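# all I have is the shape, not the residue letters:
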């Protein structure tokens with residue numbers, strides 16, 4: 001009931017990222033026991049979700065350059081993020097080690113909004129901080145999948161929430177912006193054995 005009402009609420013408010021997060025949560029919650037029983041598949045899943053975030057910005061930018069677009073819930077899929085990400089990639093490549101900093105002023109958008117959690121960390125803080133965050137995410141999420149969920153069913157909900165937030169952060173800064181970061185960290189803690 002909570003799942004369906006959350007999804008309906010997100011759709012009624014045209015909150016595409018929130019609706020996507022709810023749908024992803026349901027899918028991931030369903031497949032997590034299968035994944036954790038197959039260690040290699042689970043480890044691939046973790047890496048695809050984490051590194052896919054950065055690759056997604058590249059693909060999305062290329063789709064924008066090609067002129068592709070699609071309307072979903074009364075909004076265009078390419079709603080300007082491709083311009084932001086193209087500009088940020090160019091700025092980041094000039095300062096990859098230390099990042100561009102949070103005082104960078106976007107030319108393509110009126111406020112500094114990266115619209116991708118991990119890409120935000122990479123661009124703003126640089127490769128060193130990004131590598132540390134990736135290491136910690138990989139370590140924690142790999143550990144979380146080491147014990148099958150039949151031995152710890154409560155952790156399944158929290159870990160599904162972590163993965164759903166990471167996937168939804170392909171479009172938003174969801175897991176790094178307060179109060180969502182508090183929710184993300186709480187779910188990370190609850191996903192422990």
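Sure thing, it's come through. Quick caveat, the model's predicted, so the values are computed rather than measured.
# other SSEs contacting the helix or strand residue 90 falls within?
Element membership of residue 90 [criterion: DSSP states H and E] is helix 81-94. Other helices and strands packing on helix 81-94, by 3 or more Cβ pairs under 8 Å, 6 or more residues apart in numbering; DSSP states H and E, are helix 39-66, helix 117-144. Where C-beta positions appear, they are placed from N, C-alpha and C, glycine not excepted.
# quick one, which of the ones you listed is packed in tightest?
helix 117-144 (a mean of 18; mean count of other Cβ atoms under 10 Å).
# now it against helix 39-66, angle please.
Helix 117-144 and helix 39-66 meet at an angle of 170 degrees, taking axes from the mean of the first three to the mean of the last three Cα atoms, to 10 degrees as the criterion.
# who are the packing partners of helix 117-144?
On a contact count with 3+ Cβ pairs under 8 Å, 6+ apart, helix 117-144 meets helix 39-66, helix 81-94, helix 153-168.
# and the next element down the chain from the last one?
Meaning helix 153-168. helix 180-190.
# neighbouring contacts of that next one?
140, 154-155, 157-159, 161-162, 165, 173-176 (Cβ atoms under 8 Å, 6 or more residues apart in numbering).
# if you set the cut-off to 7 Å instead, what comes out?
Outside helix 180-190, the residues that touch it by Cβ atoms under 7 Å, 6 or more residues apart in numbering are 140, 155, 158, 161-162, 165, 174-175.
# now stretch 39-53
With Cβ under 7 Å, 6+ apart as the test, stretch 39-53 has contacts from 35-36, 116-119, 134, 137-138, 141-142, 145, 163, 166-167, 169-170.
# and it, how far out from the chain's middle?
Centroid separation between stretch 39-53 and its chain, computed with Cα atoms, centre = their mean, to the nearest Å, is 13 Å.
# sorry, back to before: any idea which of the contacts of helix 180-190 has the most stuff around it?
Of all these, the highest neighbour tally under other Cβ atoms under 10 Å goes to residue 162, namely 26 neighbours.
# now for it: which residues touch it?
Neighbour list for residue 162: 184, 187-188, 191 [criterion: Cβ under 7 Å, 6+ apart].
# one more time with 10 Å, if that's ok
By Cβ atoms under 10 Å, 6 or more residues apart in numbering, the contact list for residue 162 reads 25, 28, 49, 137, 140-141, 144, 175, 183-188, 190-191.
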